[in-house]
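> just to be clear, the model below is a prediction. Sequence and coordinates:
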Amino acid sequence: TPFPAVICVSVNDAIVHGIPGRTPLRRGDLVSVDCGAVLDGWTGDAAVSFTVGPGRPGDRRLVEAGERALAAGIAAAVPGARVGDIAHAIGRTGREAGYGIPDGFGGHGIGRRMHEAPDVPNEGRPGRGMRLRHGMVLAIEPMLLAGGRDDFRHDPDGWTLRTTDGSRATHSEHTVAITDSGPRVLTLP
């Protein structure tokens, strides 16, 4: 089934692919907004997490760890490296901070379409996978689970993924070009 909205809005224990609805956000909610756009035939994808007001204790640490994992993944996106190097950088950052990482979900190649090869996992072994080369473009998107567990469930809507323990989740994403002069983030404001 096609995604029934324009953006994904995942709140509190929703990890990704939350379908926006009429429920108002409340003070203390942890929110991830994921959106894509097409411009002149090229696609971009980005996500950001934030709290409504101060949030719960630990929310800021969770969001910052997600941003550090994203930065580590971006730093690993250089020509000659491999997809596994990105996955390892993200996974190491998230695990060292004590967070869970949902298996089977992560980033992807991006260009004329939203989802292209290769898959870019959020955890993996360095030196494995497709070799990165100048001109490739990837959507790098760590997802971290505050409870430290990796398991998740799908909502009945068929889209929203939630933590099974009810803990909060964060999702950060940028579209990144691999260039000979280093990674170039294409989705900065």
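Looks like it came in fine.
> ok, longest helix in the protein?
Taking DSSP state H as the assignment, the helix of the chain that covers the most residues is helix 59-75.
> how distant is that one from the center of its chain?
In terms of Cα atoms, centre = their mean, to the nearest Å, the gap separating the centre of helix 59-75 from the centre of its chain is 10 Å.
> pull out the buried positions in it.
Residues of helix 59-75 classed as buried by neighbour count (16 or more other Cβ atoms under 10 Å): 59, 62-63, 65-74. C-beta here means a position set from N, CA and C on the backbone, and glycine is covered the same way.
> ok, now how distant is the most centrally placed residue in the chain from residue 174?
Closest residue to the average C-alpha location of the chain: residue 141 at 2.5 Å, with Cα atoms, centre = their mean. Separation of residue 141 from residue 174 (Cβ to Cβ, to the nearest Å): 8 Å.
> again, but for residue 79
For residue 79 relative to residue 174 (Cβ to Cβ), the value is 18 Å.
> of those two, who's got more company?
Shown here are residue 79 and residue 174; by other Cβ atoms under 10 Å, residue 174 has more neighbours (24 against 16).
> which stretches of this structure form helices?
Using DSSP H, helices in the chain cover 59-75, 83-96.
> and for the closest residue to residue 180 other than its chain neighbours, the neighbour number?
Nearest non-adjacent residue to residue 180, counting by Cβ to Cβ, 6 or more residues apart in numbering: residue 134, 4.9 Å away. Applying other Cβ under 10 Å, we find 12 residues neighbouring residue 134.
> quick one: closest of the helices of the chain to residue 182.
Evaluated over the helices of the chain, closeness to residue 182 peaks at helix 59-75, with 8.7 Å, by Cβ to Cβ.
> give me the angle between the closest one and helix 83-96.
160 degrees (axes from the mean of the first three to the mean of the last three Cα atoms, to 10 degrees).
> which other residues reach helix 59-75?
If you take Cβ atoms under 8 Å, 6 or more residues apart in numbering as the criterion, helix 59-75 is touched by 30, 49-51, 86-87, 89-90, 92-94, 97, 99, 107, 120, 122, 140-144, 146, 168-174, 176, 183, 185.
> could you do stretch 152-161 as well?
By Cβ under 8 Å, 6+ apart, stretch 152-161 touches 1, 3-4, 10, 14-19, 102, 105, 145, 162-164.
> point out where this structure drops to low pLDDT.
Applying pLDDT under 70 to the chain picks out no residues at all.
> if I look at the residue lying closest to residue 97 once chain neighbours are set aside, how far off is residue 26?
Of all residues not flanking residue 97 in the chain, residue 65 sits nearest, at 4.1 Å (Cβ to Cβ, 6+ apart). Applying Cβ to Cβ, the value for residue 65 to residue 26 is 23 Å.
> just residue 134 next, same as before
Applying Cβ to Cβ to residue 134 and residue 26 gives a distance of 46 Å.
> same question, residue 113
Taking Cβ to Cβ, one finds residue 113 at 36 Å from residue 26.
> with that, I have no additional questions.
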